[in-house]
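# Below are the sequence and a predicted model; questions follow.
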Amino acid sequence: MKTIITTLLCFAAPALALAQTFTREELVGAWTCKEVSYSEAIPAEESAAVEKTKRGLVQSRFVFQQNGFFVMQLPANAPIEFKELESLNNKMWHIKAKERMVFVGSLDDDLMILNVKNVNGLFYFSIQDTPLVLRMEKNR
């Protein structure tokens, strides 16, 4: 019995580890935000800010170019406050596959850190140091 369990663990552990990583090639391309949610409860008095955030990010596109540059395209109806996010355009991006993290900015000065999760085929980008969780869809 112990031999069977040990054998299963030997095969299952590497498979699970591989399933938790992703590659640069998988990330390259344009991703569209389909939904914005929050990793923690937002007070009711901030509902206007929540709606503004959704208007600014839903349908935005995160483009991870093959040449290592990042471009963020905001929807036409994005609030003016979101235009400063376009300062991320043409910044380098890099990836730590095992940690499932993407960094936008130089190695010394990361301007945005995304934690990437794949849950049942749906991709979620969590913006580090914020409660924002973006459900993303890769464009074909």
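Done, it's in. Numbers count the residues shown, from 1 in each chain.
# okay, and for the chain, where does confidence drop off?
For the chain, the stretches with pLDDT under 70 are 1-20.
# residue boundaries of the strands in it?
29-38, 61-64, 69-73, 91-96, 101-105, 110-119, 122-127, 132-138 (DSSP state E).
# For those strands, give me CSV that also has mean neighbour count and distance to K83.
For glycine as for every other residue, the C-beta is placed from the backbone atoms N, C-alpha and C. Converted to CSV, these look like this (neighbours: other Cβ atoms under 10 Å; distance: least, Cβ to Cβ, whole Å):
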stretch, mean neighbour count, distance to K83
strand 29-38, 16, 16
strand 61-64, 20, 15
strand 69-73, 17, 10
strand 91-96, 17, 16
strand 101-105, 19, 17
strand 110-119, 16, 15
strand 122-127, 17, 17
strand 132-138, 17, 17
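# In TSV: those, plus distance to K52.
Below are the strands of the chain laid out as TSV (distance: least, Cβ to Cβ, whole Å):
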stretch	distance to K52
strand 29-38	11
strand 61-64	19
strand 69-73	17
strand 91-96	24
strand 101-105	22
strand 110-119	19
strand 122-127	16
strand 132-138	12
